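>>> Sequence isn't available, so here's the structure alone:
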């Protein structure tokens with residue numbers, strides 16, 4: 001194994017660029033330099049899916065160093081959304097499997113089939129494809145840290161997906177923070193120690209997927225993928241078969257695994273860490289996870305961030321999460337977070353300034369999401385308490401009932417306190433008199449029988465009277481979800497029973 005030669009810095013300095021970011025010194029400046037940090041893991045297994053296994057060395061040999069800007073498409077897009085992305089980006093080359101290839105515009109040229117790339121990893125790339133020499137790292141690709149590195153589409157619930165452009169500094173700063181706070185900077189790692197086995201059950205076209213894969217690359221970890229769509233039973237099978245030590249998931253996935261009938265008979269003792277993101281994590285869910293995954297009780301963690309901030313800007317784990325189960329944690333060392341226009345209780349919009357944030361949206365202005373001082377307006381509501389961030393809702397997810405503002409997240413949090421409620425979504429229902437009224441779609445534990453009247457009675461013990469839902473939709477089936485693992489409120493409203 002090659003010796004580690006570059007030391008990632010721990011000092012934080014204020015930059016002097018157009019946006020005065022806090023930045024690490026020294027730091028990497030180009031994502032391609034990660035290969036130099038990961039070279040020592042060459043003989044380890046890096047990627048696993050079913051019976052297929054690729055070592056770090058094999059992945060390196062297929063690493064194309066053409067300086068291309070990579071854009072990740074959503075595998076669940078419809079034809080309309082796919083065409084929107086292609087028309088927006090005008091890509092030189094599209095990589096797609098047979099199913100997604102059918103969604104492409106007819107005039108799209110230069111399409112590479114996924115099966116062709118799979119063959120390259122199993123043998124060798126065809127003649128003329130530039131690869132990384134197996135003898136050692138080559139010189140990095142020329143470029144600046146503010147050059148675009150990757151495009152990630154946001155998973156909004158309304159409108160067309162937006163293409164967030166992340167610079168090399170965006171990707172690197174996010175990873176640098178996560179490695180620093182966890183004591184895993186490349187020079188701090190013991191090459192003789194076995195790496196973690198990580199089950200990545202979330203999609204790789206999200207910022208969380210990119211973050212997880214690159215962290216594993218730098219730390220010498222094995223990443224295990226599911227085969228096909230998410231399935232709770234398959235998750236349990238893979239955890240047992242591959243002796244998974246770390247599991248990354250969104251709360252919805254974790255809840256489905258906990259509800260699987262085979263859970264009590266499974267050997268989950270190898271899992272020592274579970275990371276949850278993508279949606280608010282309820283204390284009831286973490287309590288259930290601690291009971292089921294006894295080895296991960298102190299390894300549970302939650303993160304807060306978004307595509308536009310380049311990933312994680314605050315996190316909580318271990319004792320901090322156990323003592324403050326509703327917090328999103330402390331800001332990372334280079335993430336500045338403040339509350340804009342706070343109310344009397346200190347709550348307002350969460351504003352973030354970090355070197356991890358995007359350059360902007362491809363083909364569009366940033367629509368005011370980044371102000372002139374470089375602060376990203378997240379659209380999330382939150383507050384600080386004793387230095388800890390608490391996310392309380394969405395600024396746009398508001399029901400205006402008779403002139404009174406009601407935060408959907410506040411009502412949802414109250415209803416989730418009922419032990420029979422598995423999931424809930426609160427939406428605005430039209431009202432000819434009040435303008436809007438509160439509607440609640442409730443996913444109940446199948447073993448429980450509750451009426452709307454019983455739920456309303458409970459809600460009145462938790463909420464002011466004007467916030468108690470008047471429209472109820474009680475289900476035992478799962479609520480419709482977006483590809484980000486959040487309740488699809490647009491679809492829910494459209495299908496609300498008359």
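That came through, no problem. The structure displayed is predicted, hence computed values, not measured ones.

>>> can you list the weak-confidence ranges in the stretch 351-498 of the chain?
Filtered on pLDDT under 70, the stretch 351-498 of the chain yields the residue ranges 365-367, 395-396, 403.

>>> let's go with 80 and repeat that
Residue ranges of the stretch 351-498 of the chain with pLDDT under 80: 364-368, 393-398, 402-405, 407, 433-434, 464, 483-485, 498.

>>> Walking through it, point out its helices one by one.
408-415, 452-460, 489-494 (DSSP state H, counting those that start in this stretch).

>>> Over to the stretch 51-200 of the chain?
56-61, 79-89, 98-101, 114-122, 168-181.

>>> got the contact list for the shortest one?
In other words, helix 98-101. 73, 75, 82, 111, 113 (C-beta atoms under 8 Å, 6 or more residues apart in numbering). (Glycine included, C-beta is placed from N, CA and C.)

>>> Local confidence estimate at the residue lying closest to residue 267 once chain neighbours are set aside?
Using C-beta to C-beta, 6 or more residues apart in numbering and skipping the chain neighbours, the partner closest in space to residue 267 is residue 240 (5.5 Å). Reading off the confidence values, residue 240 has pLDDT 97.

>>> Would you enumerate the residues in contact with the closest residue to residue 236 other than its chain neighbours?
Excluding its sequence neighbours, the residue lying closest to residue 236 (C-beta to C-beta, 6+ apart) is residue 266, at 5.0 Å. For residue 266, the contacting residues are 236, 239-240, by C-beta under 8 Å, 6+ apart.

>>> what does residue 410 give?
With contact taken as C-beta under 8 Å, 6+ apart, residue 410 is in contact with 392-393, 463, 467.

>>> List only buried entries from those.
392-393, 463, 467 (16 or more other C-beta atoms under 10 Å).

>>> would a markdown table of those residues with distance to residue 232 be doable?
Putting these into a markdown table (distance: C-beta to C-beta, whole Å) gives the following:
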| residue | distance to residue 232 |
| --- | --- |
| 392 | 30 |
| 393 | 28 |
| 463 | 32 |
| 467 | 33 |
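
>>> closest to residue 421 among those residues?
Using C-beta to C-beta, residue 463 comes nearest to residue 421 of the buried ones among the contacts of residue 410, at 13.8 Å.

>>> State the distance from the closest one to residue 402.
Going from residue 463 to residue 402 by C-beta to C-beta, to the nearest Å gives 16 Å.

>>> and if you look at residue 287?
Taking C-beta to C-beta, one finds residue 287 at 37 Å from residue 402.

>>> How about residue 483?
With C-beta to C-beta as the criterion, residue 483 and residue 402 are 35 Å apart.

>>> Compare those two (neighbour count), which wins?
Using other C-beta atoms under 10 Å, the more surrounded residue of residue 483 and residue 402 is residue 483, with 17 against 12.

>>> these two touch, right, that one and residue 73?
No - counting by C-beta atoms under 8 Å, residue 483 does not reach residue 73; the two are 11.4 Å apart.

>>> which is the next helix or strand following the helix or strand hosting residue 289?
For residue 289, the host element (DSSP states H and E) is helix 283-292. Downstream of helix 283-292, the next assigned helix or strand under DSSP H and E is strand 300-306.

>>> Roughly how far does residue 260 sit from residue 232?
From residue 260 to residue 232 the distance is 4 Å (C-beta to C-beta).

>>> Look at the two and report which has more neighbours.
Set side by side, residue 260 and residue 232 show more neighbours around residue 232, with 19 against 15, by other C-beta under 10 Å.

>>> contacting residues around that one?
Applying C-beta under 8 Å, 6+ apart, the residues near residue 232 are 253, 256-257, 259-260.

>>> In ChimeraX, select just the buried ones from those residues.
The buried residues among the contacts of residue 232 can be selected in ChimeraX (16+ other C-beta under 10 Å) with this line:
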select :253,256,257
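
>>> any idea which of the contacts of residue 232 is the one closest to residue 305?
residue 253 (18.0 Å).

>>> what comes up buried for stretch 214-223?
By neighbour count with 16+ other C-beta under 10 Å, stretch 214-223 contains the buried residues 214-223.

>>> For those residues, name the two members farthest from one another.
The largest separation in the buried residues of stretch 214-223, counting by C-beta to C-beta, is between 214 and 222 at 14.4 Å.

>>> need the contact list for the residue nearest to residue 318 when sequence neighbours are not counted.
Using C-beta to C-beta, 6+ apart and skipping the chain neighbours, the partner closest in space to residue 318 is residue 298 (5.2 Å). When contacts are counted by C-beta under 8 Å, 6+ apart, residue 298 touches 318-319, 322.

>>> before we move on, what about residue 25?
With contact set as C-beta under 8 Å, 6+ apart, residue 25 has these partners: 9, 11-13.

>>> Now, those residues that are in strands?
11-13 (DSSP state E).
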